[in-house]
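Student: fold the stuff below for me.
(one chain, ligands or ions: 1)
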Amino acid sequence: MPSSRLVLDASLALEGQIGVHGLSAGDFTSLEEAAESAHRKLWELRGSGALGFWSLPDDAAIRDPALELGEELARRFENVVVLGIGGSSLGAKAVISALGDRFGDLLPRSRRSGARVFFPDNSDPATFTALLERLDLGSTCFLVITKSGSTAETLSQLLVVRERLGSSKLIQQTVAITDPEEGPLRRIVREEGWRSLPIPPSVGGRFSVLTAAGLVPIAAAGVDARSLCKGAAEMRERCEAPSLRKNPAYLLGGIHRLFDRRGRNIHVLFPYADALRDVGDWFVQLWAESLGKSETVGPTPLRAVGATDQHSLLQLLAQGPQDKLVSFIGVEEPATDLEIPRAWTEHEAFAYLGGKTLGRLLDAERQGTAAALAEGGRPSVTIRLPRVDARSVGELLFLWEAATAFAGFLYGVDPFNQPGVEASKQLTQALLGRPGSEAHAKRLAARPSPDPAFVLD
Ligand SMILES: O=P(O)(O)OC[C@H]1O[C@H](O)[C@H](O)[C@@H](O)[C@@H]1O
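Tutor: Below you'll find the model as predicted:
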């Protein structure tokens, strides 16, 4: 019988299970003071309303208009194309690939639960050209999602779409999701009277999956977004306990910080379900942009998928440097399962598989891999989901969001900004000759020219 909710099992991170590389009771005690201070800071932010993502799971004023709009788009359009990047695409993409129709693009509309949702989240011309050429633009809605309203990739795609649709069609087939007041896109929305929904200023992009930025495309895909929010609300309740051992987000964040202190600063998310593959990308942005803020401390997130990456990454995880911590995600009850038929039973290699199911094999591989790492003294934690459904995915996303916010304070960094991404934008704008980027152009010009001895053409 699957458990009724998400389970965080940290036993394979403890010295009792894996020996010297495991955590001791003393390690947790050593973190208590920092954990109390991090808890205080989080609650202060909550109290001031600055911790915007915390209230989202049951914020009807944000949720309901987004779901209504998403459901309307699912009725009106065959396709929805999200023009958005980073936090403005990764959350919805992760949820839709986890909960949407598997290979839904191949299904006729009558057999799909919503519109086909596409995420061309890059300025790669080949991808965008191919997508626009293959879609029936007449039955396509473009969701322009950008918190700042100024992201070059997103605005460039919008300009291309504007050209393709023409301004009269553009207003009928485009919805903007952006800052309620500020930014270039908000100005266009005001000037041209587009439909739009806000991204609350108190919610950072990578924490915005339960704002309109995530919920509109999720609802347009026909995913049960209300249960997603419900699952997140249930996890939030569990993440309000002040103690490290009782609060799953604090325990998860604390364990990662403790191992980072021991040099295990490569943090691998390893779900054993294809449906959770894109949760890996979402996690990488969340963890990297929130915690990668100092030259001396800061974890490197890595994503893997089980069992596929047992055949690529596992060698390194099992026998490489002792600098990694793995977070497995197991699914207790697969949505569908497939029996492995019996045949060639005279051959032992086939015989032991016959009669089992692929789901049983996959989960045995997860457990076997965690046990093999433990045997080698290598720590892991396991997050077990009862099944991959909207409620469990809601729990999972909120767990990591809360763990990230908490870990930020344990690492002594601000988990909610990302100053390090600005320099590349400035130099990009200078390369493109943007007015006002002259100072950045000077930075480029001041760079030493490439050493021809090291340019092998
Ligand atoms: O939502 P936008 O303002 O368009 O930003 C999209 C993304 O780009 C930025 O450069 C940051 O790296 C991300 O945190 C953000 O999610």
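Student: switch to C-alpha atoms for all contacts and neighbour counts from now on
Tutor: OK.
Student: now the strands for the stretch 351-457 of the chain?
Tutor: 380-385 (DSSP state E, counting those that start in this stretch).
Student: that one against the ligand: which residues are in contact?
Tutor: Taking Cα under 6 Å from any ligand atom, the part of the stretch 351-457 of the chain that reaches the ligand is made up of Val421.
Student: show me which residues of stretch 254-263 are buried.
Tutor: Burial within stretch 254-263, assessed by neighbour count using 16 or more other Cα atoms under 10 Å, is assigned to 254-260, 263.
Student: which of the residues you listed fall in strands?
Tutor: Among the buried residues of stretch 254-263, DSSP state E puts none in strands.
Student: tell me the one among the residues you listed nearest to Val326.
Tutor: The closest of the buried residues of stretch 254-263 to Val326 turns out to be His256 (Cα to Cα; 9.5 Å).
Student: does that closest one touch Leu325 like I think?
Tutor: Yes: between His256 and Leu325 there is a contact under Cα atoms under 8 Å: 7.4 Å.
Student: which residues touch the spatially most central residue of the chain?
Tutor: Nearest to the geometric centre of the chain sits Trp282, at 1.7 Å (Cα atoms, centre = their mean). Counting by Cα atoms under 8 Å, 6 or more residues apart in numbering, Trp282 makes contact with 87, 90-91, 94, 206.
Student: JSON lines please, covering these and showing pLDDT.
Tutor: Formatted as JSON lines, these follow (pLDDT from 0 to 100):
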{"residue": "Gly87", "pLDDT": "98"}
{"residue": "Leu90", "pLDDT": "98"}
{"residue": "Gly91", "pLDDT": "98"}
{"residue": "Ala94", "pLDDT": "98"}
{"residue": "Arg206", "pLDDT": "98"}
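Student: spell out which parts of the protein neighbour the ligand.
Tutor: So far as Cα under 6 Å from any ligand atom goes, the chain lies against the ligand at 85-88, 146-149, 151, 205-206, 421.
Student: could you pick out the longest helix of this structure?
Tutor: The helix that spans the most residues within the chain, counting by DSSP state H, is helix 25-48.
Student: for that helix, list every residue counted as buried.
Tutor: Neighbour-count burial for helix 25-48 [16+ other Cα under 10 Å]: 28, 31-32, 34-35, 38-39, 42-43.
Student: and the helix or strand just after that helix, average pLDDT?
Tutor: Next helix or strand after helix 25-48 toward the C-terminus (DSSP states H and E): helix 60-76. Averaging pLDDT along helix 60-76 yields 97.
Student: alpha carbons of helix 60-76, in PDB - could you do that?
Tutor: Extracted C-alpha coordinates of helix 60-76, given in PDB (Å, rounded to 0.1, in the frame of the first residue of the first chain):
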ATOM      1  CA  ALA A  60      -7.000  32.200  -4.500                       C
ATOM      2  CA  ALA A  61      -6.600  35.700  -5.800                       C
ATOM      3  CA  ILE A  62      -3.500  34.500  -7.700                       C
ATOM      4  CA  ARG A  63      -4.600  30.900  -8.400                       C
ATOM      5  CA  ASP A  64      -8.200  31.300  -9.600                       C
ATOM      6  CA  PRO A  65      -7.700  33.900 -12.400                       C
ATOM      7  CA  ALA A  66      -4.700  31.900 -13.600                       C
ATOM      8  CA  LEU A  67      -6.600  28.600 -13.800                       C
ATOM      9  CA  GLU A  68      -9.600  30.200 -15.400                       C
ATOM     10  CA  LEU A  69      -7.400  31.700 -18.100                       C
ATOM     11  CA  GLY A  70      -5.500  28.500 -18.600                       C
ATOM     12  CA  GLU A  71      -8.700  26.500 -18.900                       C
ATOM     13  CA  GLU A  72     -10.100  29.100 -21.400                       C
ATOM     14  CA  LEU A  73      -7.000  28.800 -23.500                       C
ATOM     15  CA  ALA A  74      -7.300  25.000 -23.500                       C
ATOM     16  CA  ARG A  75     -10.800  25.400 -24.900                       C
ATOM     17  CA  ARG A  76      -9.900  28.000 -27.500                       C
END
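Student: what comes up buried for it?
Tutor: 62-64, 66-67, 69-71, 73-74.
Student: which stretches of the stretch 251-400 of the chain form helices?
Tutor: Applying DSSP state H, counting those that start in this stretch to the stretch 251-400 of the chain gives helices spanning 277-291, 314-319, 348-351, 358-375, 390-410.
Student: show me the contacts for Lys147.
Tutor: Contacts of Lys147 by Cα under 8 Å, 6+ apart are 88, 177-179, 199, 205.
Student: show me which of these is closest to Leu185.
Tutor: Using Cα to Cα, the contacts of Lys147 come closest to Leu185 at Thr178, 7.3 Å.
Student: wouldn't that closest one be in contact with Thr151 here?
Tutor: No: judged on Cα under 8 Å, Thr178 makes no contact with Thr151 at a distance of 11.0 Å.
Student: which of those two has more neighbours?
Tutor: Comparing Thr178 with Thr151 by neighbour count (other Cα atoms under 10 Å), the higher total belongs to Thr178, at 28 against 17.
Student: chain neighbours aside, what residue packs nearest to the more buried one?
Tutor: Lys147 (4.6 Å; Cα to Cα, 6 or more residues apart in numbering).
Student: so that neighbour versus Gly183, what's the distance?
Tutor: From Lys147 across to Gly183, the span is 8 Å (Cα to Cα, to the nearest Å).
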